[in-house]
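In: Return a 3D structure for these sequence lines:
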Amino acid sequence: MEYFVDKDSIVRKIWGKSDTILFIFAGASAEFALNRAVDWLYFTGKLPADPLGRLFSTVAYARQIVFAKKTDAETTIDKITSIHKSIEKARASSIPDWAYRDVLFMLIHYSIAAYELLENKLTPAEKQEAYDVFYRMGLRMGIPELPSTYVDWLPVRQQHLEKDLVLSEYSLDLYKQYRKHLGAFRYAVLKQSQLLVVPPLVRQLLKLGSVSLLRPVVPIYKFSKIINADWLIKVVLLPKAYKKQIEELDIYH
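Out: Now for the predicted structure:
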């Protein structure tokens, strides 16, 4: 049976743990807020109304791709493309190609950054392997001008950051929604978590600071995973309403 992502792939390890996924979306939530095309995320109203719910729905789509048979994964990718096309039709406008690339680039960057923060540094071959999964996803979606290798992607990613990020009214409103839905304490934790994985330009534009207060806690958290006590930290940091969804994220313990 052919899978879209090989069973032994590093991508399955990255997307098979709740803590890694949560850091992926902590980082992406910062970069999303700055993207020049963030108005598209506001068009349906779903993101500002329920940012955490959108996180878990996005994770569900990613899981259907990463852990599915090749044909099923391609069906899911086609469904995502169809959803975007229907939104474009409703707005009578097209999402620019660069915006599609930006989202794909976020998944690549934060998948690698989150795993390296919480687990181990990836080898060049593993980074290429991770890149290849999202590259094939992008090709299936018809996204043009994608570099074919991880090494070629790095300067293109930097160019996209410099060209496509800006602090806007949408950025400020989205952060207000994060605070509203998370509460003051968890919102503070979110921003400190973002500091651990976002690029310098994102830190600068959002005025997140330069050094995360969570940096000294990371080794403690890694140890808590060894003794299976990491669930205690998650209970404290994450909303109770999403406890079940968070538990379901753990395929690899």
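In: confidence score at residue 177?
Out: On pLDDT, residue 177 comes in at 91.
In: Now it: which helix or strand?
Out: helix 169-182 (DSSP states H and E).
In: who does that helix touch, helix- and strand-wise?
Out: Under the contact criterion of 3 or more C-beta pairs under 8 Å, 6 or more residues apart in numbering; DSSP states H and E, helix 169-182 touches helix 18-34, helix 39-43, helix 46-49, helix 51-66, helix 184-197, helix 200-206. For every residue, glycine as well, the C-beta is placed using N, CA and C.
In: Correct me if wrong, but residue 93 is in a helix.
Out: No. Using DSSP: H, G, I helix; E, B strand; the rest coil, the assignment for residue 93 is coil, not a helix.
In: Tell me which of the helices and strands packed on helix 169-182 lies nearest to residue 216.
Out: Nearest to residue 216, of all the helices and strands packed on helix 169-182, is helix 184-197, at 11.1 Å by C-beta to C-beta.
In: name the helices or strands packed onto that closest one?
Out: helix 18-34, helix 97-118, helix 169-182, helix 200-206.
In: closest one to residue 114 among the helices and strands packed on helix 169-182?
Out: Taking those one by one with C-beta to C-beta, helix 18-34 is closest: 3.7 Å.
In: Please state the offset of the closest one from the chain centre?
Out: The gap between where helix 18-34 is centred and where its chain is centred comes out at 5 Å by C-alpha atoms, centre = their mean, to the nearest Å.
In: Just the C-alphas of that helix, formatted as CSV.
Out: Taking Å, rounded to 0.1, in the frame of the first residue of the first chain, the C-alpha atoms of helix 18-34 are listed here in CSV:
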residue,chain,number,x,y,z
SER,A,18,0.8,17.2,20.2
ASP,A,19,3.6,19.4,21.6
THR,A,20,5.4,19.7,18.2
ILE,A,21,2.1,20.5,16.4
LEU,A,22,1.2,23.2,19.0
PHE,A,23,4.5,24.9,18.5
ILE,A,24,4.0,24.7,14.7
PHE,A,25,0.8,26.6,15.1
ALA,A,26,2.1,29.0,17.7
GLY,A,27,4.7,30.1,15.2
ALA,A,28,2.3,30.1,12.2
SER,A,29,-0.3,32.1,14.2
ALA,A,30,2.3,34.9,14.5
GLU,A,31,3.3,34.8,10.9
PHE,A,32,-0.3,34.5,9.6
ALA,A,33,-1.2,37.7,11.4
LEU,A,34,1.5,39.6,9.5
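In: picking up where we left off before, TSV for the helices and strands packed on helix 184-197, including distance to residue 51?
Out: Putting those into TSV (distance: least, C-beta to C-beta, whole Å) gives the following:
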stretch	distance to residue 51
helix 18-34	7
helix 97-118	15
helix 169-182	6
helix 200-206	15
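In: Pick the most deeply packed of those.
Out: helix 18-34 (a mean of 23; mean count of other C-beta atoms under 10 Å).
In: who does that one touch, helix- and strand-wise?
Out: For helix 18-34, the packing partners by 3+ C-beta pairs under 8 Å, 6+ apart are helix 51-66, helix 97-118, helix 169-182, helix 184-197, helix 200-206, helix 230-237, helix 243-248.
In: Next, work out how far apart residue 126 and residue 9 are.
Out: 9 Å (C-beta to C-beta, to the nearest Å).
In: Also residue 31?
Out: Distance from residue 31 to residue 9, by C-beta to C-beta: 24 Å.
In: Now mean pLDDT and distance to residue 169 too, for the helices and strands packed on helix 169-182, in JSON lines please.
Out: Below are these laid out as JSON lines (pLDDT from 0 to 100; distance: least, C-beta to C-beta, whole Å):
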{"stretch": "helix 18-34", "mean pLDDT": "89", "distance to residue 169": "11"}
{"stretch": "helix 39-43", "mean pLDDT": "76", "distance to residue 169": "10"}
{"stretch": "helix 46-49", "mean pLDDT": "74", "distance to residue 169": "12"}
{"stretch": "helix 51-66", "mean pLDDT": "80", "distance to residue 169": "17"}
{"stretch": "helix 184-197", "mean pLDDT": "92", "distance to residue 169": "19"}
{"stretch": "helix 200-206", "mean pLDDT": "97", "distance to residue 169": "14"}
